[in-house]
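Peer 1: I'll drop the sequence and a predicted model, then ask my questions.
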Amino acid sequence: MGVTIPGCQETYQSESRSERGSERLRDEHQKIRRFREGDVFAMPAGVAKWIYNDGDSPAICVTLYDISSSHNQLDQNLRNFYLAGNPQQRDFGSERRRRSYEEGNNIFTGFDQDLLADAYGVSVETINKLQGVNDNRGNIVRVERSLEVLRPEWRLEEEEIREERRRESENGIEETFCTIKLIENTNNPSMADLFNPRGGRITTIDSKKLTILDYLQLSAERVVLYRDAIMAPHWHVNAHSVVYVTRGSGRIQVANDNGRLVFDQQVQEGQLLVIPQNFVAVKKASSEGLEFIAFKTNGHAIGSTLAGEGSAMRGMPMEVLMNSFRVSRKDARQLKYGRREMVVFGPRRLARSREGEDPFSIV
Amino acid sequence: MGVTIPGCQETYQSESRSERGSERLRDEHQKIRRFREGDVFAMPAGVAKWIYNDGDSPAICVTLYDISSSHNQLDQNLRNFYLAGNPQQRDFGSERRRRSYEEGNNIFTGFDQDLLADAYGVSVETINKLQGVNDNRGNIVRVERSLEVLRPEWRLEEEEIREERRRESENGIEETFCTIKLIENTNNPSMADLFNPRGGRITTIDSKKLTILDYLQLSAERVVLYRDAIMAPHWHVNAHSVVYVTRGSGRIQVANDNGRLVFDQQVQEGQLLVIPQNFVAVKKASSEGLEFIAFKTNGHAIGSTLAGEGSAMRGMPMEVLMNSFRVSRKDARQLKYGRREMVVFGPRRLARSREGEDPFSIV
Amino acid sequence: MGVTIPGCQETYQSESRSERGSERLRDEHQKIRRFREGDVFAMPAGVAKWIYNDGDSPAICVTLYDISSSHNQLDQNLRNFYLAGNPQQRDFGSERRRRSYEEGNNIFTGFDQDLLADAYGVSVETINKLQGVNDNRGNIVRVERSLEVLRPEWRLEEEEIREERRRESENGIEETFCTIKLIENTNNPSMADLFNPRGGRITTIDSKKLTILDYLQLSAERVVLYRDAIMAPHWHVNAHSVVYVTRGSGRIQVANDNGRLVFDQQVQEGQLLVIPQNFVAVKKASSEGLEFIAFKTNGHAIGSTLAGEGSAMRGMPMEVLMNSFRVSRKDARQLKYGRREMVVFGPRRLARSREGEDPFSIV
């Protein structure tokens, strides 16, 4: 993946074989970043980018565009600017907008050819190709031979570390952006921020781990629920959640401020669900387990749970619960301490308990 | 008052008498904060809270909800999420919205009972109570016996000071939030920021005094005008004002950008007035005096006065006033220096002056 | 120019001749700032200001009001609050709004005269003049004699330097604002940030040069294109541009996200053009040359060019261009390296090149 950031140097100086064989032409370009399954990319708006899949299986990317970001000063329509190709695909907008998309083209198409030829110092024939006039390949194209420049292999990782270090001694947005980390992986179980061997794990990618998320005001949470595990009833104080199921299935319920369910369904791999800020959700994995990635519209999303360790119930005095819910001291105690786990709960060991028993013996 | 902040520890470890008498059960919960007349609370959106009145008179709270805050990512409707109770009250929204409120309930009501029983590790009977199914008490309930846990008394103040100190050596939002000060009192005359023994006093609670207001982008100003005192014509450069009269009465005039009055009335205790950003207001106390609290939609609201010490008139050269208003040098001088006080002006000593005399002898 | 900032001291203590001749009255007021051709002023919203032209030619000011700024909490209408005068001019708003403006007046007009007389400690006759009741001069008035106070001459510059230094050792918004620099000149060629002796020059005034622009989130770019020069195809990643032509003429093309031209015209002195964020523009000077000032809706606007040194094309590997545009290696090389200049390109030396030749010989 290449992200071409304005004001940054061409720090990759690569060599490639010319068409005629023996001759060697040098090329310079900006840093290239490799990605693999489970990676989260953070991408600033308005920078030029391209993605090339050199693996042996299709890459599935789920992209959240935050059009209500303060960085978007245009209207609330998603606008893709293509530097190349002749995008034929349609958008989800209105009929009028969709029609204009059919005629759509890359950003060079409309410009005067002589003006562009002048600006690039090239012939009008080359501008014809730049404008993609006779190019019907759409916006995903097949590379005929493999891209030769894209093999920094393990040295890339090394370089990343080196650049990361250099960054700390520099000032100014552009310089920082040129070497800033844009990718973080969520698949490694040993990197989990919360782990319950009976319930599952949660890995958070937020502005503390990936500095650029502080600028983008977005973050992500990777959740793996084991079979029959429950994610405690919770809401997010300062963010919407966009949940995309990556594996397995389960049941999700979401309640609004009137206490009514606005969602109550089985979900499975490939499905996407939006949970608004402050709306309360409960998620339960099926016997297959449930894995999902949740994008959050805040660089440091704050969740609040309603059951278990660290929950709002735990934070309130027992007597407040007794009076608020008209329950006995024993029931209030069960509500506060019935689950000793945090956020992710394992399946209940029903064999060892019966309804109404002291909850301390349950979990 | 309890504010349950996600990610914070249960730092209050209290003991309470069990129902059976001698036995003692320990309970842990988050910090409890006491309030008294004249207190301003700053409350982050989305945190769980409860309020209990253990005094001997009704508590009147005036709450400003800033739905246009950047912290609200939902629509521009006020949405209250109740964790308990069965709120029957109606909202000021549309007919459709109001109807849905009648059916409204707490956030647990809609969820599947078995799912909740599982999440809490309690019986379905307890979940019934959690969901408030047969609870018609609304959202304000009477505590049968006094809440036993709520007596940290003077030690609370001590603890607050200690925690405040500890906070300074910590990093990170959550940790800071756990011990951050949320309450400041405005009634103590010796804390006034501006005092004129003939006119009155102003106490400002802004982000410099209460750090959390920098996060909330709200502030407050408590104004006490003595009998017949005037608050100089002024506008706020960066904030709306929501004025609530707490005592006495007076006259308020507000002008818009066309120089026309959009408000000109007597106001009295319990009335509320919104003054938009940049609109010019003049306030004059009646013979009873006038006291109000003004909430501002900025963490550090900047006011600009048009008369007296520190005013825009003072900042301009006399010759600019002479030419702008076509007045003599003498009149320009009166406009600049006719009032030597700042913001709050005492009643004019008419006995000692006549119209047209040198203003320097008036005040 | 006077900018009266709330909370700031009257630091100019000037003397002026009284009307009667020999007598001397002292006056105090806030700092006065001089301006000359090519100056950019940054003006916080809501502060009182006046401008006086003591030069020998008309002053033309182009003002950008950022009504979508976070500092504006009112609606999206432009609202001017006049402290003096009786503005008769009309606005560009709707018919209804325009009518109200005809009746418009200064902010004092509507207030009760006795209340204002009381607030200022002056007579009702003076308030009559303050309210501009019989003043039909509009909002630009002719000064009868020259304003005597406005001659700090070269000492002003000196003072500015001194105050600038003092500022660094102070804290708090108001104190900083009192001495903050509000003006920067763009006309001096030796101050240009980018200079191409064949193409022209660019001078940027952003938050790094003028600190207050970080607060206002606005910046400006002064561009001088010599005859037949081209400004590379470019877009702004984080800002709209408002272009005002100050001299000469040229051709501007602007393309939207569908690749269609939304603007394609000759422009000349006195014309104004809005280019939205991310929209791609090409500008070419006529044989007269083209000069303009572009205001940007970001304190640090980031531009991205598509041709020449530092462009997005340069940042991408040649093989990506070859595959994206279906061009030969030679053409891809031309697209990347056909122009060795940065942003501002001189006219092509056609005498020395023919279409299709190696671009490296062209420039």
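Peer 2: Nice, I can see it.
Peer 1: what are the ranges of the strands in the stretch 201-350 of chain A?
Peer 2: A:219-225, A:230-236, A:241-255, A:261-268, A:272-275, A:280-296, A:303-305, A:344-345 (DSSP state E, counting those that start in this stretch).
Peer 1: Could you export those strands as TSV, including mean pLDDT and mean neighbour count?
Peer 2: C-beta here means a position set from N, CA and C on the backbone, and glycine is covered the same way. Shown next, in TSV, are the strands of the stretch 201-350 of chain A (pLDDT from 0 to 100; neighbours: other C-beta atoms under 10 Å in any protein chain shown):
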stretch	mean pLDDT	mean neighbour count
strand A:219-225	97	24
strand A:230-236	97	26
strand A:241-255	98	20
strand A:261-268	97	14
strand A:272-275	98	16
strand A:280-296	97	22
strand A:303-305	95	23
strand A:344-345	96	26
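Peer 1: Between these, which one is closest to residue B:178.
Peer 2: strand A:303-305 (13.4 Å; C-beta to C-beta).
Peer 1: Minimum distance to chain C: which of the strands of the stretch 201-350 of chain A has it?
Peer 2: strand A:219-225 (20.6 Å; C-beta to the nearest C-beta).
Peer 1: Need the three-state assignment for the closest residue to residue A:327 other than its chain neighbours.
Peer 2: Excluding the flanking residues, the one nearest residue A:327 by C-beta to C-beta, 6 or more residues apart in numbering or on different chains is residue B:129, at 4.9 Å. With DSSP: H, G, I helix; E, B strand; the rest coil as the basis, residue B:129 sits in helix.
Peer 1: Of all the residues in the stretch 251-363 of chain A, which one is nearest chain C?
Peer 2: residue A:299 (17.0 Å).
Peer 1: okay, that residue: pLDDT?
Peer 2: As predicted, residue A:299 sits at a pLDDT of 95.
Peer 1: Could you pull up phi and psi at the closest residue to it other than its chain neighbours?
Peer 2: In this structure, residue A:299 finds its nearest non-sequential neighbour in residue A:207, 3.8 Å apart by C-beta to C-beta, 6+ apart. The phi and psi torsions at residue A:207 (degrees, to the nearest 10) take the values phi -60, psi -20.
Peer 1: Please report how far residue A:207 lies from chain C.
Peer 2: Separation of residue A:207 from chain C (C-beta to the nearest C-beta, to the nearest Å) stands at 19 Å.
Peer 1: doesn't residue A:184 make contact with that residue?
Peer 2: No. Residue A:207 lies out of contact with residue A:184 (C-beta atoms under 8 Å); the separation is 11.4 Å.
Peer 1: ok, residue A:345 - contacts?
Peer 2: A:196, A:199, A:229-232, A:307-308, A:339, A:363, B:118-119 (C-beta atoms under 8 Å, 6 or more residues apart in numbering or on different chains).
Peer 1: if we can go back for a sec, distance to residue B:258 added to the strands of the stretch 201-350 of chain A, as CSV?
Peer 2: Below are these laid out as CSV (distance: least, C-beta to C-beta, whole Å):
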stretch, distance to residue B:258
strand A:219-225, 46
strand A:230-236, 44
strand A:241-255, 45
strand A:261-268, 45
strand A:272-275, 44
strand A:280-296, 45
strand A:303-305, 47
strand A:344-345, 60
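Peer 1: Sketch out the low-pLDDT regions of chain A for me.
Peer 2: Confidence mapping of chain A against pLDDT under 70 gives the ranges A:14-25, A:87-104, A:149-176, A:349-363.
Peer 1: what are the ranges of the helices in it?
Peer 2: Taking DSSP state H as the criterion, chain A carries its helices at A:95-102, A:113-120, A:124-130, A:153-167, A:173-179, A:212-216, A:312-315, A:318-325, A:329-337.
Peer 1: thinking again about what came up before, how deep is the residue nearest to residue A:327 tucked in, by neighbour count?
Peer 2: 22 (other C-beta atoms under 10 Å in any protein chain shown).
Peer 1: what do you get for residue A:134?
Peer 2: 9.
Peer 1: And for it, nearest residue in space, chain neighbours not counted?
Peer 2: residue A:128 (7.7 Å).
Peer 1: any idea how far residue A:134 is from residue C:258?
Peer 2: Remark: distance between residue A:134 and residue C:258 (C-beta to C-beta, to the nearest Å) = 18 Å.
Peer 1: How about residue A:177?
Peer 2: 28 Å.
Peer 1: Count the neighbours of residue A:70 for me.
Peer 2: 11.
Peer 1: go on, residue A:111?
Peer 2: 23.
Peer 1: Give me the contacts around stretch A:315-327.
Peer 2: Contacts for stretch A:315-327 (C-beta under 8 Å, 6+ apart): A:313, A:328-329, A:331-333, A:335-336, B:2, B:4-5, B:8, B:10, B:12, B:14, B:16, B:25, B:27, B:29-30, B:32, B:48, B:50, B:52, B:83-85, B:126, B:129-130, B:132, B:135, B:137, B:141, B:143-144, B:147-150.
Peer 1: can you rerun that using 6 Å?
Peer 2: The contact list for stretch A:315-327, computed with C-beta atoms under 6 Å, 6 or more residues apart in numbering or on different chains, reads A:332, A:335, B:2, B:4, B:27, B:29-30, B:50, B:84, B:129-130, B:143, B:147, B:149.
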